[in-house]
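Student: just coords:
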């Protein structure tokens, strides 16, 4: 009977190791897949943010150009109001 008892302990010990290894593999695969999904989401959100920043910068540039045009027109109006003639420039 002691031989069977030793075989039973060995079998339980082996099953425990197999279960532990399978659990480890499952945990590692789950963590990897979760990490990949998170990385993909971060990349997507970063791309969307870059598009918004690009659009914002375009608007800022357009507003700056409009302000410069308004400044030039204000100078022309002031010149005309002082009695000068606009030479078309």
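Tutor: Looks like it arrived, so ask away. Keep in mind the model is a prediction, meaning the values are calculated, not measured.
Student: tell me how many other residues crowd residue 22.
Tutor: By other Cβ atoms under 10 Å, 10 other residues sit near residue 22. The way it works is simple: take the backbone N, C-alpha and C, and place the C-beta from them, glycine included.
Student: contacting residues around it?
Tutor: If a contact means Cβ atoms under 8 Å, 6 or more residues apart in numbering, then residue 22 has no contacts.
Student: ok now the helix or strand hosting it, how far from the chain's centre?
Tutor: Using DSSP states H and E, residue 22 sits in helix 2-81. Taking Cα atoms, centre = their mean, to the nearest Å, the mean C-alpha location of helix 2-81 is offset from the chain mean by 5 Å.
Student: quick one: mean pLDDT for that helix?
Tutor: Here helix 2-81 scores 90 as its mean pLDDT.
Student: tell me how many other residues surround residue 64.
Tutor: A count of nearby residues for residue 64, using other Cβ under 10 Å, gives 10.
Student: from residue 53, how far out is it?
Tutor: For residue 64, the distance to residue 53 equals 16 Å [Cβ to Cβ, to the nearest Å].
Student: also residue 26?
Tutor: Residue 26 is 41 Å from residue 53, by Cβ to Cβ.
Student: can you tell me the SS state at residue 83?
Tutor: Secondary structure for residue 83, judged by DSSP: H, G, I helix; E, B strand; the rest coil, is coil.
Student: what's the neighbour count on it?
Tutor: With other Cβ under 10 Å as criterion, residue 83 counts 6.
Student: can you check residue 79 too?
Tutor: 13.
Student: do residue 76 as well
Tutor: 15.
Student: quick one, phi psi at residue 82?
Tutor: phi -80, psi -10 (degrees, to the nearest 10).
Student: can you get me a residue count around it?
Tutor: Neighbours of residue 82 using other Cβ under 10 Å come to 7.
Student: how far away is the most centrally placed residue in the chain from residue 39?
Tutor: When Cα atoms, centre = their mean is applied to the chain, the residue found nearest the centroid is residue 46 (2.4 Å). In this view, residue 46 and residue 39 are 11 Å apart by Cβ to Cβ.
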